[in-house]
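Peer 1: Here is the input, now give the coordinates:
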Amino acid sequence: MIVASAVRLIAQLNTQIGELQAVVAEGFGRHPDADIVTSQPGLGPILGARVLAEFGDDHDRYANAKARKNYAGTSPITRASGTRRVVLARYARNKHLADATHQWAF
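Peer 2: Below is the predicted model of the structure:
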């Protein structure tokens with residue numbers, strides 16, 4: 001009995017998730033930058049909407065591509081002194097966008 005009710009609940013939740021995904025995909029599809037975002041391999045309407053929401057749609061927000069990479073946390077930090085050189089991960093970043101790019105990679 002408990003298993004059957006859990007299965008019904010999961011089926012209901014899956015239906016609601018599908019409905020929400022359809023609404024998000026429809027709204028994202030109307031955005032002027034949707035074609036640009038989804039032209040990237042691996043970005044569909046759901047993850048593309050998330051990436052676009054985190055970056056924003058103001059094209060003048062970032063001075064160049066490096067500024068976008070820094071905001072996303074995908075550009076490493078190199079510290080060098082003399083003959084020693086260390087490459088570190090960037091910790092100052094948009095955590096939600098970093099999570100989205102991690103999902104994008106898989």
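Peer 1: Give me the local confidence score for residue 97.
Peer 2: Residue 97 is assigned 93 on the pLDDT scale.
Peer 1: Burial check on the nearest residue to it once chain neighbours are set aside, number of neighbours?
Peer 2: Excluding the flanking residues, the one nearest residue 97 by Cβ to Cβ, 6 or more residues apart in numbering is residue 54, at 3.9 Å. No exception for glycine: its C-beta is placed from N, CA and C like everyone else's. Burial of residue 54 is recorded as 17 neighbouring residues (other Cβ atoms under 10 Å).
Peer 1: Centre of the chain to the helix or strand residue 54 falls within, how far?
Peer 2: Following DSSP states H and E, one finds residue 54 within helix 45-55. How far helix 45-55 lies from its chain's middle: 5 Å, per Cα atoms, centre = their mean, to the nearest Å.
Peer 1: How about stretch 35-44?
Peer 2: Relative to its parent chain, stretch 35-44 has a centroid offset of 11 Å by Cα atoms, centre = their mean.
Peer 1: which residues in this structure form strands?
Peer 2: Along the chain, counting by DSSP state E, strands occupy 77-81, 84-88.
Peer 1: Now mean neighbour count too, for these, in JSON lines please.
Peer 2: What follows is the strands of the chain, written out as JSON lines (neighbours: other Cβ atoms under 10 Å):
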{"stretch": "strand 77-81", "mean neighbour count": "9"}
{"stretch": "strand 84-88", "mean neighbour count": "9"}
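Peer 1: and these as TSV, adding mean pLDDT?
Peer 2: What follows is the strands of the chain, written out as TSV (pLDDT from 0 to 100):
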stretch	mean pLDDT
strand 77-81	91
strand 84-88	92
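Peer 1: Make a markdown table from the ones you listed and add distance to residue 43 to it.
Peer 2: As requested, the strands of the chain are exported to a markdown table (distance: least, Cβ to Cβ, whole Å):
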| stretch | distance to residue 43 |
| --- | --- |
| strand 77-81 | 26 |
| strand 84-88 | 27 |
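Peer 1: so which of the ones you listed gets nearest residue 45?
Peer 2: Checking those against residue 45 by Cβ to Cβ gives strand 77-81 as the closest, at 33.2 Å.
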